[in-house]
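Enquirer: build the 3D model from these lines:
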Amino acid sequence: MLRCCLCVITAAVAAGCDEKLADIAGPSPNLQPTFSSIQREIFETTDASGRAACTQCHSDVGRTPSGGMNLRHDVAYANLVGVISRGKAGAIRVVAGDPEHSYILDKLLGTPGIVGERMPRTGGPYLTDGQISIIRRWIETGAKND
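Expert: I've put the predicted structure just below:
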């Protein structure tokens, strides 16, 4: 009986602390901390807040991609992970396992010291804190290409 009560209490505590991703993803309720989800929900999709898809500027379809970063689905990963930024010397776009040194987060947050403007440079709407947290989580867990 004691074992059963402990299991029920543990499950209740764990459920109370576990925030659903859909609750923090805001205008991208299907966003998950995986590359395929970020590609689909952030890079290639205009979200419910009206934030334009990143590929509107970061694509080679009919143009040179902004900052030399092409986020089209078949080349995006190779243009992000372990790649040096063209805008800021020494900055790496995504450092697998290290969000603090991943320049993409600085650009999305508008951190002081970035070169150029906060993304998207249209002046917003910007990604929400929840959307950025999910991207941060993908980087923390190794920025795998799924």
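
Enquirer: low-scoring pLDDT stretches of the chain, where are they?
Expert: 1-19, 22 (pLDDT under 70).

Enquirer: redo that, cut-off 50
Expert: In the predicted model, the chain carries pLDDT under 50 at residues 1-18.

Enquirer: which residues does stretch 118-129 contact?
Expert: Residues from elsewhere that reach stretch 118-129, judged by C-beta atoms under 8 Å, 6 or more residues apart in numbering: 24-27, 42, 49-52, 54, 57, 107-110, 135. (Glycine included, C-beta is placed from N, CA and C.)

Enquirer: just how off-centre is that stretch within its chain?
Expert: If you compare the mean C-alpha spot of stretch 118-129 with that of the full chain, they lie 12 Å apart, counting by C-alpha atoms, centre = their mean, to the nearest Å.

Enquirer: CA atoms of it as PDB?
Expert: Included here for stretch 118-129 are C-alpha records, laid out as PDB according to Å, rounded to 0.1, in the frame of the first residue of the first chain:
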ATOM      1  CA  ARG A 118      17.700  41.300 -34.300                       C
ATOM      2  CA  MET A 119      15.900  38.600 -36.400                       C
ATOM      3  CA  PRO A 120      13.600  38.900 -38.100                       C
ATOM      4  CA  ARG A 121      14.900  42.200 -39.200                       C
ATOM      5  CA  THR A 122      11.400  43.300 -40.300                       C
ATOM      6  CA  GLY A 123      11.000  44.600 -36.700                       C
ATOM      7  CA  GLY A 124       8.800  41.800 -35.500                       C
ATOM      8  CA  PRO A 125       6.800  40.100 -34.500                       C
ATOM      9  CA  TYR A 126       9.800  38.200 -33.000                       C
ATOM     10  CA  LEU A 127       9.900  34.700 -31.800                       C
ATOM     11  CA  THR A 128       8.400  34.300 -28.400                       C
ATOM     12  CA  ASP A 129      10.400  33.400 -25.300                       C
END
